[in-house]
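Participant: sequence first, then the predicted structure, then my questions.
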Amino acid sequence: MSDLPIHRALSSASPIVYGCMGLGGPWDTGDITRADVDTARRCIEAALAAGITVFDHADIYALGKAESAFGAALAESPGLRERMIIQSKCGIRFADAQGTKRYDLSPEWIMASVDGSLQRLGIEQLDILMLHRPDPLMAPDAIAEAFSRLQAQGKVAHFGVSNMNAPQIALLQRAIAQPLVVNQMEMSLLARDAFEEEVLAGHRGGASVNFGPGLIEQGVAGEIQLQAWGSLAGGWLSGRNLSGAMPTRQRLAERVAQLARSYATSREAIVLAWLMRHPARIQPVIGTTDAARIAACGQATDISLLREDWYSLWETARGEELP
């Protein structure tokens, strides 16, 4: 098995990832428009200006149109490619003439998905390919063969997973020669199971937490780069209308606003900094298409929350003190 360390595989990665799920217009089978390409270009430029160099795709985003719009923007400014890391995901198949919604990590689907992503993006190689969801029917040896072929063909440089727990990653890694360098899962101040599991081990209060023991520890040990989708918590803590929201969520939004004033930064930066303060060096994935909010998110790299402030956010989010 390769001993390529994570810091070399992602040596030029930024602390924040730009998620391209919002690009490409409606999730339908229509063509991309000029407006879709212009939006992609504005988001790329805003992200790069904020120091964000990692761009996250999936073959299903806007039914492929997110990659197409992004690729069209790159085609108009080819020099941008050298300034970014591009990752994409495969494995989710929506209901079609062949069957219901399903996960497909067969080598045939992986290979075809990569070819489709490369064509839509207009590039020769993905920096990272991620398996989008665990497929109960996946065969690790077959996936390993597909990965080796993709790397030998120069179509993918590195590989990772998404929404997988530590045992699933270990199962794949035993068969795969290349290191799995990334695991992306939902994490935010409103999706805290990974952190709750750390402190509720052996505590009866942790019986309802089922995130996956060992996942955070893999990140702390530098075995894999953790990325957090949904990191902005749906905007609930950074400006979304809280009318009718639960009191706990309202108090958390107020606490975020207080800390933003104290640190002289944006509310988005506080929300992201909470994840980034963890020793697992979590990369938040942001998905806004608002250039001002992209810039506000970029401010998270300039602050480090005090331990007391980090815990105050956690306790406010929990609605009760830690055990």
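Facilitator: The structure has been received and is ready for your questions.

Participant: can you report phi and psi for residue 157?
Facilitator: The phi/psi pair for residue 157 (degrees, to the nearest 10) reads phi -90, psi -40.

Participant: my guess is residue 277 contacts residue 305. True?
Facilitator: Yes - Residue 277 is within contact range of residue 305, at 4.8 Å (criterion: C-beta atoms under 8 Å). Backbone N, C-alpha and C define where each C-beta goes, glycine included.

Participant: which parts of the chain are helices?
Facilitator: Assigned by DSSP state H, the helices in the chain fall at 6-9, 34-49, 65-76, 107-121, 140-152, 166-175, 193-199, 215-220, 247-263, 267-276, 291-298, 307-318.

Participant: redo those helices as TSV? Include mean neighbour count.
Facilitator: Output for the helices of the chain, formatted as TSV (neighbours: other C-beta atoms under 10 Å):
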stretch	mean neighbour count
helix 6-9	17
helix 34-49	19
helix 65-76	23
helix 107-121	18
helix 140-152	17
helix 166-175	16
helix 193-199	18
helix 215-220	19
helix 247-263	17
helix 267-276	26
helix 291-298	20
helix 307-318	16
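
Participant: lowest average pLDDT across those?
Facilitator: Ranked by mean pLDDT, those bottom out at helix 6-9, with a mean of 54.

Participant: what is the end-to-end distance of stretch 257-273?
Facilitator: 13 Å (C-alpha to C-alpha, to the nearest Å).

Participant: so how far is stretch 246-264 from its chain's centroid?
Facilitator: Per C-alpha atoms, centre = their mean, to the nearest Å, the displacement of stretch 246-264 from the mean C-alpha position of its chain is 24 Å.

Participant: ok, stretch 296-312 next?
Facilitator: Chain-centre distance of stretch 296-312: 19 Å, with C-alpha atoms, centre = their mean.

Participant: next one: stretch 155-175
Facilitator: On C-alpha atoms, centre = their mean, the centre of stretch 155-175 falls 15 Å from that of its chain.

Participant: now the end-to-end length of it.
Facilitator: Per C-alpha to C-alpha, the first residue of stretch 155-175 is 20 Å away from its last.

Participant: what of stretch 53-67?
Facilitator: Distance between the boundary residues of stretch 53-67 (C-alpha to C-alpha) amounts to 16 Å.

Participant: now do stretch 110-129
Facilitator: One end of stretch 110-129 to the other measures 9 Å (C-alpha to C-alpha).

Participant: name the residues that touch that stretch?
Facilitator: Stretch 110-129 is contacted from outside by 57, 59, 64, 67-68, 70-72, 74-75, 81, 85-91, 131, 143, 146-147, 149-150, 154-160, 181-182, using C-beta atoms under 8 Å, 6 or more residues apart in numbering.
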